[in-house]
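K.L.:
Sequence and predicted structure below; questions after.
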Amino acid sequence: MCGIVGGVTNQDITPLLLDGLKRLEYRGYDSSGLVVLSKKNSLNRARSVGKVNNLVENLKTRKNKIKGNIGIAHTRWATHGEPAKHNAHPHISNQVVSVVHNGIIENYLELKDSQIKQGYKFTSDTDTEVIAHAIELAMQSNNTLLHSVQKAIKTFEGAYGLGIISPHYPNTIIATRKGSPLVIGIGKNGNYIASDQLALLPVTKKFIFLEDGDVAELKLEKITIYDQNGNEVNRPIKISKIKEGQVDLGDYKHFMQKEIFEQPQSIRDTLESRITKESVMVSAFGHKARDIFKNIKQVQIVACGTSYNAGLVAKYWLEDIAKIPCNVEVASEYRYRHPLILDDTL
């Protein structure tokens, strides 16, 4: 899991990128980086190993400050390639296009072999670099960044949430997702993208949640979204009700400690308006929940990390109290298996 944030605005984008990365640090802290398109229309990049504060210090020591109105940034949880500066995002192909990526490209070795034969040089051990090269290759035969991305993503197998900029198209960010979260924030001074709306709360409460296969073209005063078939579509704008203090680290040493101590309040917030004196309201699970629950013969929980541990507790409760069989599996392993799911499994 990684975190991405980006935007096109009428102000300097760098402070927003850094603030967004700090808010997304729970998604990864092996390394972080950003790239901003300068007034001279060049890609200015900074990357650091470790937490986002290391990137902040990196930028402070630079003689030539990184400033501009359009940029993308990333905080990384390593999957392919060790936590190192050369593996940190953003990745750049031939100074023509830069990419940040959350997800896993499962056919990256096949793509990498093909791209090496085409003359591309690799500077990292990541699966993300093949994305940058694939888009750069597509740009050679397409006259817009949008069309180039639409062509390139057809070659990817796996999951991705992408933010893409190019000096050839200095007023445009392309965002696309498949299997990884990505939201668009609509602000007074620009338009933005992020893995999580929490990263953008200082600049907007208005969000568009992209659907699987969507490709969005963001400009300063315009957002255009296309579905997986290339058709222009309208996605609903939703107003976030998340409070500012919910995303800050506060007085806690780290986010895990914050999560532990906030569990009672989180449970209260979850059950608010969904529980009576005697039971949880079945309608809270959806208007068809009562009929569906009557037919459930087994429960399957798929989760990772602390959610997996929570699933094990839920398994104990479901089998002990509800007398319903329950299986719990690690999500990262489950996706590569061919599990046997019985009929009427929730």
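P.N.:
Yes, it's here.
K.L.:
Point out where the stretch 151-300 of the chain drops to low pLDDT.
P.N.:
The model of the stretch 151-300 of the chain has pLDDT under 70 over residues 244-248, 272-273, 276-277, 283, 287.
K.L.:
Just the strands from it, written as ranges.
P.N.:
Taking DSSP state E, counting those that start in this stretch as the criterion, the stretch 151-300 of the chain carries its strands at 158-166, 169-178, 183-186, 190-194, 206-209, 215-219, 222-226, 232-233, 237-239, 299-303.
K.L.:
so what does the last one touch, helix or strand wise?
P.N.:
The contact analysis (3 or more Cβ pairs under 8 Å, 6 or more residues apart in numbering; DSSP states H and E) places strand 299-303 against helix 305-317, strand 326-330, helix 331-334. All C-beta atoms are positioned from the backbone trio N, CA, C, and that covers glycine.
K.L.:
Select, out of these, the one closest to Lys65.
P.N.:
Closest approach to Lys65 among the helices and strands packed on strand 299-303 (Cβ to Cβ): helix 305-317, 37.5 Å.
K.L.:
one step back: with respect to Gly119, which of the helices and strands packed on strand 299-303 lies nearest?
P.N.:
helix 331-334 (34.3 Å).
K.L.:
which ones are touching the residue nearest to the spatial centre of the chain?
P.N.:
Among the residues of the chain, the one closest to the centroid is Ser195, at 3.2 Å (Cα atoms, centre = their mean). The contact partners of Ser195, by Cβ atoms under 8 Å, 6 or more residues apart in numbering, come to 2-5, 24, 27, 102, 161, 180-183.
K.L.:
distance of it from Asn41?
P.N.:
Applying Cβ to Cβ, to the nearest Å, the value for Ser195 to Asn41 is 27 Å.
K.L.:
Ok, Ala331 next?
P.N.:
The value you get for Ala331 to Asn41, if Cβ to Cβ is used, is 42 Å.
K.L.:
From one end of stretch 136-154 to the other, what's the distance?
P.N.:
Stretch 136-154 has an end-to-end distance of 14 Å (Cα to Cα, to the nearest Å).
K.L.:
Tell me the gap between it and the middle of its chain.
P.N.:
Centroid separation for stretch 136-154 versus its chain: 22 Å, with Cα atoms, centre = their mean, to the nearest Å.
K.L.:
care to break the protein down by domain?
P.N.:
Using automatic domain parsing, the domain parsing of the chain gives 3-241, 273-334.
K.L.:
quick one on the thing from earlier: which single one of the contacts of Ser195 is nearest to Ala284?
P.N.:
Nearest to Ala284, judged by Cβ to Cβ, of these is Pro181 at 23.1 Å.
K.L.:
dump the residue contacts of that closest one.
P.N.:
Going by Cβ under 8 Å, 6+ apart, Pro181 touches 102, 161, 195-196.
K.L.:
one more time with 10 Å, if that's ok
P.N.:
Applying Cβ atoms under 10 Å, 6 or more residues apart in numbering, we find Pro181 in contact with 1, 3-4, 27, 102-103, 159, 161, 194-197, 209-210.
K.L.:
Which among the residues you listed count as buried?
P.N.:
Taking 16 or more other Cβ atoms under 10 Å as the criterion, what is buried in the contacts of Pro181 is 1, 3-4, 27, 102-103, 159, 161, 194-197, 210.
K.L.:
okay, the residues you listed in JSON lines with distance to Leu16 next?
P.N.:
Shown next, in JSON lines, are the buried ones among the contacts of Pro181 (distance: Cβ to Cβ, whole Å):
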{"residue": "Met1", "distance to Leu16": "22"}
{"residue": "Gly3", "distance to Leu16": "14"}
{"residue": "Ile4", "distance to Leu16": "13"}
{"residue": "Arg27", "distance to Leu16": "17"}
{"residue": "Asn102", "distance to Leu16": "18"}
{"residue": "Gly103", "distance to Leu16": "23"}
{"residue": "Ala159", "distance to Leu16": "26"}
{"residue": "Gly161", "distance to Leu16": "18"}
{"residue": "Ala194", "distance to Leu16": "10"}
{"residue": "Ser195", "distance to Leu16": "15"}
{"residue": "Asp196", "distance to Leu16": "15"}
{"residue": "Gln197", "distance to Leu16": "14"}
{"residue": "Leu210", "distance to Leu16": "20"}
